[in-house]
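Novice: Attaching a predicted model along with its sequence, questions to come.
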Amino acid sequence: KNQVEQSPQSLIILEGKNCTLQCNYTVSPFSNLRWYKQDTGRGPVSLTIMTFSENTKSNGRYTATLDADTKQSSLHITASQLSDSASYICVVSPYGGSQGNLIFGKGTKLSVKP
Amino acid sequence: DAMVIQNPRYQVTQFGKPVTLSCSQTLNHNVMYWYQQKSSQAPKLLFHYYDKDFNNEADTPDNFQSRRPNTSFCFLDIRSPGLGDAAMYLCATSSGQGGTQYFGPGTRLLVL
């Protein structure tokens, strides 16, 4: 069964600190993996997208890594800011899947405290 | 700016009273999606349109219907809302198969 598991479920860090969020997936075959940021009460916003051949992708203070062999991805946030408080969702697209066939993780809820 | 717009942002309806949620996009994407997201859960795909072709997920209740009168607009109709239908409803668009989905801000539905 295609699944995406994220950890931790929630995380609290102090402003300025770094953190790493994890995503493990069992989706196969695999097309691409995305990380989305979802602010409370808002729609998800895409941060990064990686195909199976890419190992790392950066977007400002966000750096995503991908190990297609172990089916693991991480999202590293550097020098966290209060505005980073949000849920971070890992989304995997199966290869050859239908238009809407994305597999969503449940997200990691990040709280950045001053 | 090109974007996905959802109206209203908040909708309150009564149990059993039909409600329509609206989504419009200026991205000219050919695929539009409707998701239901309950608190602390992942978005759940209800259906999507590839151009005019409607694709319903197998477990989407018949209570949920959709219309796409043109490329820019898509509507979600809930014929007889139940208390369990209270959720955030997200509209998304993408360009072709596998394209990044761009989400609207969502409509939060409350059923009294």
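Specialist: The structure has been received and is ready for your questions.
Novice: In the chain, where is pLDDT below threshold?
Specialist: Reading this off chain A. Residue ranges of chain A with pLDDT under 70: A:96-100.
Novice: That was the other one, I meant chain B.
Specialist: By pLDDT under 70, the low-scoring segments of chain B are B:1-2, B:97-98.
Novice: Would you mind measuring from the residue nearest to residue B:89 when sequence neighbours are not counted to residue B:18?
Specialist: The spatially closest residue to residue B:89, leaving aside those adjacent along the chain, is residue B:107, at 4.9 Å (C-beta to C-beta, 6 or more residues apart in numbering or on different chains). No exception for glycine: its C-beta is placed from N, CA and C like everyone else's. Distance of residue B:107 to residue B:18, given as C-beta to C-beta, to the nearest Å: 15 Å.
Novice: Can you pull the residues of chain B lying near chain A?
Specialist: By C-beta under 8 Å from any C-beta of the partner chain, the part of chain B that sits against chain A consists of B:4, B:6, B:31, B:33, B:40-43, B:45, B:47-48, B:50, B:55, B:57, B:88, B:90-92, B:94, B:97-98, B:100-106, B:108.
Novice: Drop anything exposed from these.
Specialist: Applying 16 or more other C-beta atoms under 10 Å in any protein chain shown to these, the neighbour count classes B:4, B:6, B:31, B:33, B:42-43, B:45, B:47-48, B:50, B:55, B:88, B:90-92, B:94, B:97-98, B:100-106, B:108 as buried.
Novice: just the CA coordinates of stretch B:45-63, formatted as CSV?
Specialist: What follows is stretch B:45-63, C-alpha atoms only, in CSV (Å, rounded to 0.1, in the frame of the first residue of the first chain):
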residue,chain,number,x,y,z
LEU,B,45,-9.0,14.2,-2.7
LEU,B,46,-12.7,14.3,-3.6
PHE,B,47,-12.5,14.6,-7.4
HIS,B,48,-10.7,16.4,-10.1
TYR,B,49,-11.3,17.7,-13.6
TYR,B,50,-8.8,17.2,-16.4
ASP,B,51,-10.2,19.9,-18.8
LYS,B,52,-13.9,18.9,-18.9
ASP,B,53,-13.3,15.3,-17.9
PHE,B,54,-14.6,14.7,-14.4
ASN,B,55,-12.9,12.1,-12.2
ASN,B,56,-14.5,11.1,-9.0
GLU,B,57,-12.6,9.3,-6.3
ALA,B,58,-14.2,5.9,-5.4
ASP,B,59,-14.9,6.8,-1.8
THR,B,60,-16.3,10.3,-2.4
PRO,B,61,-19.9,10.3,-1.1
ASP,B,62,-22.7,11.1,-3.6
ASN,B,63,-23.5,14.1,-1.4
